[in-house]
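Engineer: From the sequence below, what's the structure:
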Amino acid sequence: MELLPLVCLCLLSCSGETSAAGDGVKVVVKEDDDAVLPCSLSTKEDITRQTFDWRKDESQKDVFFYNSGIHSDNSNIGQDEQFKGRVSHFQDQLKNGDASIKIIKTKMADSGIYSCIFPNLQPRQTFIIELVVDQVLRDRTGENIPGAAPEPNIKTLDVTNDWALLQCEAHGDPLPTVEWKDSDNNDLNAEKPQISERGGRSYITVNITVTKTDNYRCVATQETISHQIATVTAVRLTV
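Structural biologist: Below you'll find the predicted structure:
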């Protein structure tokens, strides 16, 4: 089926990056940002009394349904639990043939292929939109994710008037990467990471020698689960 041109991409200026995606449109947003999925008739005919149906992926999850003023937000029309209370349309744009929707506070699970379907048009019309929700690294210890690293442990191994030797130890599954940063968030050159086993658990240890007074941060990152957590220590030198 040939896809008609999609318009109203200007709606995406505050809702992520948009680009062509094969025969459809790709919308890219950061996790927790809102996403506008565009769907408009090229004829710009009034669809206030029309029907349009948004579905997701091959499972055809119910995302949003509209039928002559009755829609998922004001009726008992079925909507998948994933999207309840998170999806709205642009009522004032229906007169322009615009059936776009907005998904608030996007999650990784929202990524996928969406279909915007006009079942009663002749011929029936379907628009395809791909939504990509980019991961955001953040402290996810409160989300009860198995293996998420706890706060790294920092020790001062040695200190003089003009330098201090710091050690950072972290663990998790998968084993996190560890970086040292200063108060300006600059990456610092540290010693080569050391991996050890203790009590059936893997630990990563990274030492660093610092030569100025500052607050130093040890950051543990697990990319695969979008988890990042840090510990800060203050170093006060007399030089």
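Engineer: Excluding covalently adjacent residues, which one is nearest to the most centrally placed residue in the chain?
Structural biologist: Nearest to the mean C-alpha position of the chain, by Cα atoms, centre = their mean, lies residue 31 at 2.0 Å. Leaving out its chain neighbours, the residue that sits closest to residue 31 by Cβ to Cβ, 6 or more residues apart in numbering is residue 136, at 4.3 Å. In short, each C-beta sits where N, CA and C put it, glycine included.
Engineer: cool, residue 190 as well?
Structural biologist: With sequence-adjacent residues excluded and distances taken as Cβ to Cβ, 6+ apart, residue 190 is closest to residue 208, at 4.0 Å.
Engineer: Could you do residue 103 as well?
Structural biologist: With Cβ to Cβ, 6+ apart, the residue lying closest to residue 103 is residue 35, at 4.9 Å.
Engineer: Please verify my assumption that that neighbour contacts residue 107.
Structural biologist: No. Shown here, residue 35 and residue 107 do not form a contact pair, counting by Cβ atoms under 8 Å, at 10.4 Å.
Engineer: Between the two, which has more neighbouring residues?
Structural biologist: With neighbours defined as other Cβ atoms under 10 Å, residue 35 and residue 107 compare such that residue 35 has more, 24 against 12.
Engineer: show me the contacts for that one.
Structural biologist: Counting by Cβ atoms under 8 Å, 6 or more residues apart in numbering, residue 35 touches 15, 16, 27, 29, 102, 103, 106, 110, 131, 133.
Engineer: hang on, the last one is in a strand, isn't it?
Structural biologist: Yes. Inclusion of residue 133 in a strand is indicated when DSSP: H, G, I helix; E, B strand; the rest coil is applied.
Engineer: That one: neighbour count?
Structural biologist: For residue 133, using other Cβ under 10 Å, the count is 22.
Engineer: pretty sure it contacts residue 105?
Structural biologist: No. Judged on Cβ under 8 Å, residue 133 makes no contact with residue 105 at a distance of 10.4 Å.
Engineer: if we can go back for a sec, biggest separation within the contacts of residue 35, which pair?
Structural biologist: 102 and 133 (14.0 Å; Cβ to Cβ).
Engineer: Following element in sequence after the helix or strand of the chain with the lowest mean pLDDT, please.
Structural biologist: Of all helical and strand segments in the chain, the minimum by mean pLDDT, DSSP states H and E falls on strand 17-21, at a mean of 41. Going down the chain from strand 17-21, the next helix or strand is strand 24-30, by DSSP states H and E.
Engineer: and that following strand, what other elements does it pack with?
Structural biologist: strand 17-21, strand 35-37, strand 125-134 (3 or more Cβ pairs under 8 Å, 6 or more residues apart in numbering; DSSP states H and E).
Engineer: Quick one: closest of these to residue 194.
Structural biologist: For residue 194, the closest of the helices and strands packed on strand 24-30 is strand 125-134, at 32.1 Å, according to Cβ to Cβ.
Engineer: Now do the phi/psi pair for residue 186.
Structural biologist: phi -80, psi 140 (degrees, to the nearest 10).
Engineer: what's around it, how many residues?
Structural biologist: The burial count for residue 186: 8, using other Cβ under 10 Å.
Engineer: domains of this structure?
Structural biologist: The chain breaks down by automatic domain parsing into domains covering 9-134, 141-235.
Engineer: now the helices: where do they sit in the chain?
Structural biologist: For the chain, applying DSSP state H gives no helices.
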